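Asker: A structural model of the following input is requested.
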Amino acid sequence: MPYSEIDHRSIAVIKGLAMDAPHAAKSGHQGTAMALAPLAHVLWSRIMTYDPKEPFWPNRDRFILSAGHASILLYSMLHMTGYDLSLEDLKQFRQLGSLTPGHPERGHTDGVEVTTGPLGQGFANGVGMAIAERNLRARLGSEICDHNVWVVCSDGDLSEGISHEAASLAGHLHLDRLTVIYDDNLITIDGETSLSLSDNPALRFESYGWNVIELGDESTSLDAIESALLEAKNENTRPSIIILKTLIGEPSPHTNTAAVHGYSLKDEEIKETKKILGIPEDETFWVPDDVSEYYREVGARNEETREKWHKTAPKQGEKSELWETLSGSGLISDWQKSLPLWEQGDNVATRKASNECIQSLMDFMPGLIGGGADLTGNTGTSISNFGVQSAEEPEGRQIFFGVREHAMGAISNGIALHGSLFPVTGTFLVFSDYMRGAVRLAALSNAKSVFVWSHDSVAVGEDGPTHQPVEHTASLRSIPNLDVFRPADANETSSAWELAVTHEGPTAMLLTRQDTPVITSSKNTDGVSKGAYIIRESTTEIALTIIATGSEVSLACTTANDIEKELDLGVRVVSMPCMERFERQTIEYQKSIIIPTIPSISIEAGSTYGWSKWADATIGIDSFGTSAPGDVALTEFGIKSETIQVAAKNLLKSRENI
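Answerer: Residues are numbered from 1 along each chain as shown. Below you'll find the predicted structure:
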């Protein structure tokens, strides 16, 4: 169907909105949205499969604006095509409580698939969504799952290292339903990209094994754009990247300048640009009836496809049952019984206990998928007998991410936010630093996943301070909406997993490298669910509370016995596997576990930061580690019974003197 006057008029309207919304907010990014208006028009009007009446229809195409600063472009398309986003919402761009925040936020605005803003994250999210789509298509059949992932990225996205990691893995996996459109406008905030960038993206992506389509300067040719998008859509052996050279801010007076990357077009410049575009110069947020009607028809064109999908998706047989599980709770009945238990007195590293939990859940949680960043066995994220994710085995549920921690986190977010799958990733706790940007976005977007971080203290041993986490646990606890578990033993680990798979959001598992005594006789999921509970009660009237996490809980229990014998004082030991959950409990429950009038000491083999809220005295490590055997390192830094006893005596003495 040839392009008509209404197509070009629609593009002009999009450009007008791209100027007006930031101008009304006196904040935002105008130029990129203007330059990409022709691409957005073709993609949303002719290529993508979606239906605004059901924004999260499972078999829709996914659109990711990795260049999240151009959010007004996405908001304009959502409004025009009929999503629940009004023109008034566009007028409230970047205002408090509006549906049009500065950068797109998943769960805040219908039609926004992922939370983007930090550059490169959306690119990697797209790789995760493509992994999810192919895995589900292989397992369910194309009748249920058959769609494409479209990502729009910028120079900034491809400058960030995360994009290199994600692109390399995507090419290796031959992800055939992934198309990235690279807006190669040669402009960044600092100025022309030549200030800091001279690599060749086409050669880079060719080396990654991608299908590279170079459109040159045809960014305004609707026919050329459509042809390139269709070529990418029909590529069935590898991911595609379309390199689109645009003129940022076209056709404004600031075209092709760094200024128009942000908010530079104001009253007179906007009038001048609108005059060139042929739209009313003195009207803001102008959307004429013919353009509105055109886009509403465009947005409704897949309604029949969606309705047919609901009617014709298999209603019986194995695939239907699998889909029912994946699209529902994700869990098969009696799944809790699959989780293992250990005998009191056993010695099991919690990373190994976690791996047994993962393996036991595989049959009962068909959406569970994941692996490690080249530390799959070390972190307990190996999965046996369920295939390896690859072009040859797309149904495989073991993913080998390679040494790509940052991309692994963002890819996990993409898998989770695609829907129907539950990703698990693993590396050493010290390398959570490499993942932090993605972990923060997982928490912000409520992506349901588990981050497994093992080797959780200086007990790592001889690898030394570069590999020994100290500040990491406290740092992760500071992220809102992230439940951080540091289980005391194998049975607490099993309880933590039971909670993680039903938690609607991200979970962190901090696990030991070394064997740890099993001190609980069974699972205590109720206690663990509250974040802290009494694991050892005093044998006489309570005079002291010791609060501990992870492998230090066993030490606390042993020390409590010694203190009671030596000082004839009652000592309660509290295990606090998840500080965030404990903080969510009632004050009454908190006070029943940690009695405010009773002296308390915390012990954790890491930073003491944050513990003063719960303990009167803290024992931990507030310096970097050292290269030594794990038990020697723990002793060197005072993670031992003698330190607790001295602290207890000093604390009790100080209380007597008050």
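Asker: residue ranges for the helices of the stretch 501-650 of the chain, please.
Answerer: With DSSP state H, counting those that start in this stretch as the criterion, the stretch 501-650 of the chain has helices at 525-529, 552-567, 579-583, 587-593, 630-636, 641-657.
Asker: mean neighbour count, distance to Gly620 and mean pLDDT added to these, as a markdown table?
Answerer: The way it works is simple: take the backbone N, C-alpha and C, and place the C-beta from them, glycine included. Converted to a markdown table, the helices of the stretch 501-650 of the chain look like this (neighbours: other Cβ atoms under 10 Å; distance: least, Cβ to Cβ, whole Å; pLDDT from 0 to 100):
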| stretch | mean neighbour count | distance to Gly620 | mean pLDDT |
| --- | --- | --- | --- |
| helix 525-529 | 18 | 22 | 97 |
| helix 552-567 | 20 | 9 | 96 |
| helix 579-583 | 19 | 14 | 98 |
| helix 587-593 | 13 | 20 | 98 |
| helix 630-636 | 18 | 11 | 97 |
| helix 641-657 | 15 | 10 | 91 |
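Asker: Gly345: which of these is closest?
Answerer: Among the helices of the stretch 501-650 of the chain, helix 552-567 comes nearest to Gly345, with 11.1 Å by Cβ to Cβ.
Asker: now do that closest one: everything it contacts.
Answerer: 488-489, 516-517, 519, 535-536, 538-540, 544, 546-548, 569-573, 575, 603-605, 639-641, 644-645, 648-649, 652 (Cβ atoms under 8 Å, 6 or more residues apart in numbering).
Asker: how about a cut-off of 6 Å?
Answerer: Contacts to helix 552-567, defined as Cβ atoms under 6 Å, 6 or more residues apart in numbering, come from residues 488, 517, 519, 536, 539, 546, 548, 571, 573, 575, 603-605, 641, 644, 648.
Asker: buried ones among those residues?
Answerer: Buried residues within those, counting neighbours by 16 or more other Cβ atoms under 10 Å: 488, 517, 519, 536, 546, 548, 571, 573, 575, 603-605, 644, 648.
Asker: sort the contacts of helix 552-567 by pLDDT and name the bottom one.
Answerer: Lowest pLDDT among the contacts of helix 552-567: Thr539, with 93.
Asker: which ones are touching Val470?
Answerer: Gly606, Ser607, Ile621.
Asker: who wins for most neighbours among the residues you listed?
Answerer: Gly606 (28 neighbours; other Cβ atoms under 10 Å).
Asker: ok, that residue to Val260 distance?
Answerer: 47 Å (Cβ to Cβ, to the nearest Å).
Asker: for Met579, same thing?
Answerer: 46 Å.
Asker: poorly predicted segments of this structure, please.
Answerer: 1, 314, 316-317, 657-658 (pLDDT under 70).
Asker: domain map for it?
Answerer: 11-305, 335-525, 528-657 (automatic domain parsing).
Asker: closest to Glu321 out of these?
Answerer: domain 335-525 (9.7 Å).
Asker: for that closest one, the distance to its chain's centre please.
Answerer: Distance, stretch centre to chain centre, for domain 335-525: 14 Å (Cα atoms, centre = their mean, to the nearest Å).
Asker: host element of Glu343?
Answerer: Following DSSP states H and E, one finds Glu343 outside all helices and strands.
Asker: if we can go back for a sec, just the ones of the contacts of helix 552-567 in strands?
Answerer: Counted as lying in strands by DSSP state E, out of the contacts of helix 552-567, are Pro517, Arg536, Ile546, Ala548, Val571, Val573, Ser575, Ile603.
Asker: turn the domains of the chain into JSON lines, including distance to Tyr3.
Answerer: JSON lines is the format used below for these (distance: least, Cβ to Cβ, whole Å):
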{"stretch": "domain 11-305", "distance to Tyr3": "5"}
{"stretch": "domain 335-525", "distance to Tyr3": "32"}
{"stretch": "domain 528-657", "distance to Tyr3": "53"}
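Asker: before we move on, the earlier item: now for the contacts of helix 552-567, which pair is the farthest apart?
Answerer: Thr539 and Ala605, at 26.6 Å, using Cβ to Cβ across these.
Asker: picking that back up, so of the domains of the chain, which one's packed in deepest?
Answerer: Across the domains of the chain, averaging neighbours per residue (mean count of other Cβ atoms under 10 Å) puts domain 335-525 on top, at a mean of 22.
Asker: what about that domain, how long is it end to end?
Answerer: 14 Å (Cα to Cα, to the nearest Å).
Asker: what about stretch 18-25, distance to the chain center?
Answerer: Relative to its chain's centre, stretch 18-25 lies at 30 Å (Cα atoms, centre = their mean).
Asker: counting by contacts, list what the helix or strand harbouring Asp223 packs against.
Answerer: Taking DSSP H and E as the definition, Asp223 sits inside helix 222-234. Using 3 or more Cβ pairs under 6 Å, 6 or more residues apart in numbering; DSSP states H and E, the elements in contact with helix 222-234 are helix 37-42, strand 211-216.
Asker: following that helix, which helix or strand comes up?
Answerer: Toward the C-terminus from helix 222-234 - assigned by DSSP H and E - lies strand 240-244.
Asker: partners of that next one, with directions?
Answerer: Taking DSSP bridges as the criterion, strand 240-244 sits next to strand 178-183 (parallel), strand 211-216 (parallel) in its sheet.
Asker: contact partners of the last one?
Answerer: With Cβ under 6 Å, 6+ apart as the test, strand 211-216 has contacts from Ala202, Phe205, Glu206, Ala224, Ala228, Glu235, Arg238, Ser240, Ile241, Ile242, Ile243, Leu244.
Asker: go again using 10 Å as the cut-off
Answerer: The contact list for strand 211-216 (Cβ atoms under 10 Å, 6 or more residues apart in numbering) reads 39, 171, 176, 179, 181-182, 184, 201-206, 221, 224-225, 227-229, 231-232, 235, 237-246.
Asker: can you pull out the strands in the stretch 51-200 of the chain?
Answerer: For the stretch 51-200 of the chain, strands defined by DSSP state E, counting those that start in this stretch occupy the ranges 62-65, 149-154, 178-183, 187-188, 191-192.
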